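Student: Predicted structure and sequence below. I'll ask about it afterward.
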Amino acid sequence: MTTTRVDRLVTAGTFSLDGGTWDVENNVWIVGDDTEAIVIDAAHDAAAIEAALAGRTLRAIVCTHAHNDHIDAAPALAAATGAPILLHPDDLPLWKQTHPDRAPDGELTHGHTLTVAGTDLTVLHTPGHAPGAVCLHAPALNTVFTGDTLFRGGPGATGRSFSHFPTIIDSIRDRLLTLPPETVVRTGHGDPTTIGDEAPHLAEWIDRGH
């Protein structure tokens, strides 16, 4: 019996919103065993993601939110693998900016559980960086995949359209900092952290945002 593991693939491309474009590197997280997996955030390079799957059955393409750098490769990866694309419906307006002619295949809702290789990942709706932003908590793996909601050093950006600083603070406080402190935070960009490392800084983030 193989055990569930987390693989990290870093892909490069651009992020565009509100008339600006920036070069970015994204974390693509692959969760599964030797036979099946899910992909969290199909960023930039469908061929590289498919290669990293190494023949495993892809059960779902999960979008933590619909900024273009997190979803630009999702339709191509879905076409190559047959896997459904899952997105929280509150992010459909953002999704349509990138993929106006291709809708997601299913909805992510708060409290919904996805299971891959016998491991449960619970959807946590964490709006703020985007209206439909979600995190995925996998207690058996001692990890939470936070997309762009929580990073090493603080919350995701809230200075652009569809984002709201007080909302992201509420999401982090109520739905992430309540997780066990040893929980590893696997982010949409950059290096991991832990809930315990970030929790003491909540007041600083609030002060910084005022």
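Tutor: Structure received.
Student: ok, residue 73 touching residue 43?
Tutor: Yes. Using C-beta atoms under 8 Å, residue 73 makes contact with residue 43 at a distance of 6.1 Å. From N, CA and C alone the C-beta is placed, and that goes for glycine too.
Student: More neighbours: these two, which one.
Tutor: A direct count of neighbours by other C-beta atoms under 10 Å for residue 73 and residue 43 places residue 43 higher, at 32 against 26.
Student: hang on, the earlier thing: now the common contact residues for residue 73 and residue 43.
Tutor: residue 11 (C-beta atoms under 8 Å, 6 or more residues apart in numbering).
Student: leaving aside the residues next to it on the chain, what's closest to residue 147?
Tutor: With sequence-adjacent residues excluded and distances taken as C-beta to C-beta, 6 or more residues apart in numbering, residue 147 is closest to residue 64, at 2.7 Å.
Student: So the one you found sits against residue 188, correct?
Tutor: Yes. Contact criterion C-beta under 8 Å: residue 64 and residue 188 qualify, at 6.3 Å.
Student: Compare those two (neighbour count), which wins?
Tutor: residue 64 (30 against 27).
Student: Please settle this for me: is the more buried one part of a helix?
Tutor: No. If the criterion is DSSP: H, G, I helix; E, B strand; the rest coil, then residue 64 is coil and not within a helix.
Student: and it, what does it touch?
Tutor: 40-41, 70, 133-136, 145-149, 188.
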